[in-house]
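A.B. asks: Provided below for reference: sequence and predicted model.
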Amino acid sequence: MTPESSPSAEAEKVVKKEHCEHHADCMKLIQMVLDGEATPDEIEHVRQNLGKCLPCENGYNVNKAIKEALQFRVEKRDVPQSLVDCIKSKITDLK
Amino acid sequence: MTADEFIAVRQYTEAEKYAIFDRELMPHIQSMYNFAFRLTQDEDDANDLVQDTYLKAFRFINSFEKGTNAKAWLFRILKNSFINDYRRKSKEPSKVDYQEVETYYDSEEMAGTAQTTDLRAETVQELLGDEVTNALNALPVDFRTVLILCDVEGFTYEEMAKILDIPIGTVRSRLHRARMLLKEKLKGYASSMGYDTTEQEEEETA
């Protein structure tokens, strides 16, 4: 830990809220951040809020994990070659 | 597919039509097939749906502006073909069921409980691809669709709005509800597989 990092170390000591009174709205904003659809101001707002609110921090982490699971772990099927051939042949027949 | 969706913007020559088809449309067939399979959940229907979509795309290729977003254009045709030709005969829940679900998940009570019944990120990370796929497949088709488009295929909200013919605000709210539903499904899987689902449960069982 360097002396320069002490302000952030102090920030970590902040006791985080255990209940969020506007959680539904926070989650909508968090969703936009994770989807890459938030403005820089919204991203900064969420970043600051996550350091202060446990339900929002948990919500962010879970939603991020779910998004990554859908992105990388959902089963992908290979298109049947017979389908590709069939489409190409039907299109060629139109010539 | 309504007539105004296929307004000709170009008059391509025959050679140009085939070139566009090969270079811009066919490269998306893998994504198209997976989208079709996830919508229909049936191999034969997925094959038919993809074939119908590509034949339709070729027939109306003059309404596609060369060099623009071919993937979104194809997905839109496929989605509309699915709604018009396949959804009626499928065993998907009716529109009434879907609206009931949407209303329920939009309620304040649901929003309130979300912060206490949350899954843990670590639990989600431990789930197998099959479990995530099954949870996704178990969602009503409209919710499944937005998650496929956004998270699996990586479309932007604006592209999704065009593909689905709905306003961006509806894309956002439908995604939000879809994710809440998916979370509940994943939580169910995690519990049945013996994973810890919440900090609270962990303490209770300790």
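C.D. replies: Sure, I can see it.

A.B. asks: now for the spatially most central residue of chain B: which residues touch it?
C.D. replies: Taking C-alpha atoms, centre = their mean, the centroid of chain B lies closest to B:Thr145, which sits 1.9 Å from it. Residues near B:Thr145 by C-beta atoms under 8 Å, 6 or more residues apart in numbering or on different chains: B:Leu39, B:Lys79, B:Leu164. Bear in mind the C-beta positions are built from the backbone N, C-alpha and C, glycine included.

A.B. asks: these two touch, right, the first one and B:Leu49?
C.D. replies: Yes - counting by C-beta atoms under 8 Å, B:Leu39 touches B:Leu49, with 7.4 Å between them.

A.B. asks: who touches both of these two?
C.D. replies: B:Leu78, B:Phe82, B:Tyr86.

A.B. asks: so which of those residues comes closest to chain A?
C.D. replies: B:Leu78 (13.0 Å; C-beta to the nearest C-beta).

A.B. asks: what's the local residue count around A:Lys28?
C.D. replies: Other residues near A:Lys28 come to 15 when the count uses other C-beta atoms under 10 Å in any protein chain shown.

A.B. asks: so which helix or strand takes in the residue nearest to it when sequence neighbours are not counted?
C.D. replies: Nearest residue to A:Lys28, sequence neighbours excluded (C-beta to C-beta, 6 or more residues apart in numbering or on different chains): B:His176, at 5.8 Å. Under the criterion DSSP states H and E, the helix or strand holding B:His176 is helix B:168-192.

A.B. asks: in that helix, what's buried?
C.D. replies: Buried residues in helix B:168-192, defined by neighbour count with 16 or more other C-beta atoms under 10 Å in any protein chain shown: B:171-187, B:189-190.

A.B. asks: pLDDT of it, averaged?
C.D. replies: Helix B:168-192 comes out with an average pLDDT of 91.

A.B. asks: with pLDDT, secondary structure and neighbour count added, can I get the contacts of B:Thr145 in JSON lines?
C.D. replies: Listed next are the contacts of B:Thr145 as JSON lines, based on pLDDT from 0 to 100; DSSP: H, G, I helix; E, B strand; the rest coil; neighbours: other C-beta atoms under 10 Å in any protein chain shown:
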{"residue": "B:Leu39", "pLDDT": "94", "secondary structure": "helix", "neighbour count": "24"}
{"residue": "B:Lys79", "pLDDT": "96", "secondary structure": "helix", "neighbour count": "22"}
{"residue": "B:Leu164", "pLDDT": "96", "secondary structure": "helix", "neighbour count": "21"}
